[in-house]
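Asks: can't give you the sequence, but here's the structure:
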């Protein structure tokens, strides 16, 4: 596989498994739609390969925003997720960042140092 989508999730929020799954899903869908609009060749290749997705942890909001800045500088699709505040978190809490889908080597340059969740 040559393309992937990585979702970085904040570890400091201590979300329930269900809440984490929903936030990761929001980031994945939003990042994929951004890629479809801005990088249709990457999106199509990613879809054709089976839509590889990886979830990694990031310590805190500062780390998440640093990843976003780096991904944007590299012209990768990104999707920053802010919670609506209906259950576990205050409204507007930033939870996850989707990076990609894009070429593995570019996505890894942003997220490759992070551990799997």
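Replies: Yep, that arrived. These numbers come from a predicted model, not from an experiment.
Asks: need the next SSE after the longest helix seen in the chain, C-terminal direction.
Replies: What stands out as the longest helix in the chain, according to DSSP state H, is helix 17-38. Once the chain leaves helix 17-38, the next helix or strand it forms, by DSSP states H and E, is helix 40-49.
Asks: kindly calculate the angle that that next one makes with helix 17-38.
Replies: Orientation check (axes from the mean of the first three to the mean of the last three Cα atoms, to 10 degrees): helix 40-49 against helix 17-38 gives 130 degrees.
Asks: what packs against the helix or strand encompassing residue 63?
Replies: If you go by DSSP H and E, residue 63 is part of helix 61-73. Counting contacts by 3 or more Cβ pairs under 8 Å, 6 or more residues apart in numbering; DSSP states H and E, helix 61-73 packs against strand 3-10, strand 78-82, strand 94-103, helix 104-111. All C-beta spots, glycine's among them, are computed from the backbone N, C-alpha and C.
Asks: now with 6 Å?
Replies: Packing partners of helix 61-73 (3 or more Cβ pairs under 6 Å, 6 or more residues apart in numbering; DSSP states H and E): strand 78-82, strand 94-103, helix 104-111.
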